[in-house]
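Participant: Sequence and predicted structure below; questions after.
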Protein chains: 2
Amino acid sequence: MDKYLEQQIKKNFGMKVRVMREQNELSQEALALMCGLDRTYIGGVERGERNISLINIHKIAIALGVSPTELFQ
Amino acid sequence: MDKYLEQQIKKNFGMKVRVMREQNELSQEALALMCGLDRTYIGGVERGERNISLINIHKIAIALGVSPTELFQ
């Protein structure tokens, strides 16, 4: 897999998290607290800088009240 | 998130990978080669021992010819 595609995958995922967080009217800090993650980590995920793991994908999905699959669409 | 739930998330994901790999009549080694990952890593994912990352989830999905969302169902 080339680096460009990897960047796109991370960016797409991050954009989806941002959109769904804003739909839930949550700040990055509020979402981070709900997930037990750091605010700067959530920021990095949303900017597509993080290769987030399976467990943290689920933590964010649970906090947003959605299925993990919705974060991939 | 408690450790039991984390284990379940990893186990469920791994079982899904195993089922879909077998449906595609691929060995762990063949799937690993297609993904550019190690056979022992694929084995660890299937046993629920690995907290797989977003990029590797996509590598496996691409190799299996499915959407990443199918690996969460």
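Facilitator: Done, it's in.
Participant: Which residues of chain A lie near chain B?
Facilitator: Residues of chain A lying near chain B by CB under 8 Å from any CB of the partner chain: A:1, A:6, A:9-10, A:13, A:36, A:51-55, A:57-59, A:62, A:67-69, A:72-73. Backbone N, C-alpha and C define where each C-beta goes, glycine included.
Participant: The residues you listed in helices, which ones?
Facilitator: Judged by DSSP state H, the residues of chain A next to chain B include A:Glu6, A:Ile9, A:Lys10, A:Phe13, A:Leu54, A:Ile55, A:Ile57, A:His58, A:Lys59, A:Ile62 as members of helices.
Participant: Now, of the residues of chain A next to chain B, which are buried?
Facilitator: A:6, A:9-10, A:13, A:51-55, A:57-59, A:68, A:72 (16 or more other CB atoms under 10 Å in any protein chain shown).
Participant: who touches the residue in chain A that chain B sits nearest to in this structure?
Facilitator: Nearest residue of chain A to chain B: A:Thr69, at 4.1 Å (CB to the nearest CB). Contacts for A:Thr69 were tallied using CB atoms under 8 Å, 6 or more residues apart in numbering or on different chains; they are B:Thr69, B:Phe72, B:Gln73.
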